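Visitor: give me a 3D structure for the following:
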Amino acid sequence: MSRSRIKTFEKCIGVMNNILVYVCAGVLLAMLLLGIADVMGRYFFNRAIVGTLEIFEIMIPAMVLLSLAYTQQVKAHVTVDLLCARLPPRIRAVLALLTTCWAIVLFAVIAWQGTAVAISYHQMNSVITNIHVPMIFPRLLVPVGAVAICLVLVVDVLHFARDIKKKD
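Guide: Numbers count the residues shown, from 1 in each chain. Below is the predicted model:
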């Protein structure tokens, strides 16, 4: 793959991650406003908003799953490199390449199984009880987040492979 194609691919992934981060920020804002409205309704009007708990149960995983790829892109995941820091740079790059390939396989399986679960919920016409939202929508968050992080990991693999070639 040429360097310009890698840069274009990386830019597209960056745009996708920025969109997902804005979606997460919107979800967080919606949670804030819904929480405030629910508490105010409960204390001032003696009526809570029906389905608040169910909506929060959808929104919290949405924020986590949709922000995984961005967190990987900016390298903000927690790492412990006590042993790896003492290894030569080439071996570190090879280990990083191997672990990233393993992560791609893992998240690809998560995306595949998440899609299968979402399809099964859709076939069963399953809905969330109080708010009557089809279960396929929250279930699709898993494969969307997994595919997004897979794409970021593919970019990382391309960078690690380039680093290994440089160290030859």
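Visitor: what's the local residue count around Ile104?
Guide: 18 (other C-beta atoms under 10 Å). Backbone N, C-alpha and C define where each C-beta goes, glycine included.
Visitor: same question for Ile55.
Guide: For Ile55, the neighbour count with other C-beta under 10 Å is 20.
Visitor: can you tell me the element it falls in?
Guide: helix 52-73 (DSSP states H and E).
Visitor: packing partners of the helix or strand that comes right after that helix?
Guide: Counting by DSSP H and E, the element after helix 52-73 in chain order, helix or strand, is helix 89-123. Contacts defined by 3 or more C-beta pairs under 8 Å, 6 or more residues apart in numbering; DSSP states H and E place helix 89-123 against helix 136-139, helix 141-166.
Visitor: out of those, the one nearest Lys11 is which?
Guide: Nearest of the helices and strands packed on helix 89-123 to Lys11, taken as C-beta to C-beta: helix 141-166 at 10.1 Å.
Visitor: on that earlier part again, I'd like the helices and strands packed on helix 89-123 written out as TSV, with mean pLDDT and mean neighbour count added.
Guide: Formatted as TSV, the helices and strands packed on helix 89-123 follow (pLDDT from 0 to 100; neighbours: other C-beta atoms under 10 Å):
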stretch	mean pLDDT	mean neighbour count
helix 136-139	90	18
helix 141-166	91	19
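Visitor: so which of those is nearest Thr52?
Guide: helix 136-139 (15.2 Å).
Visitor: good, wrapping up.
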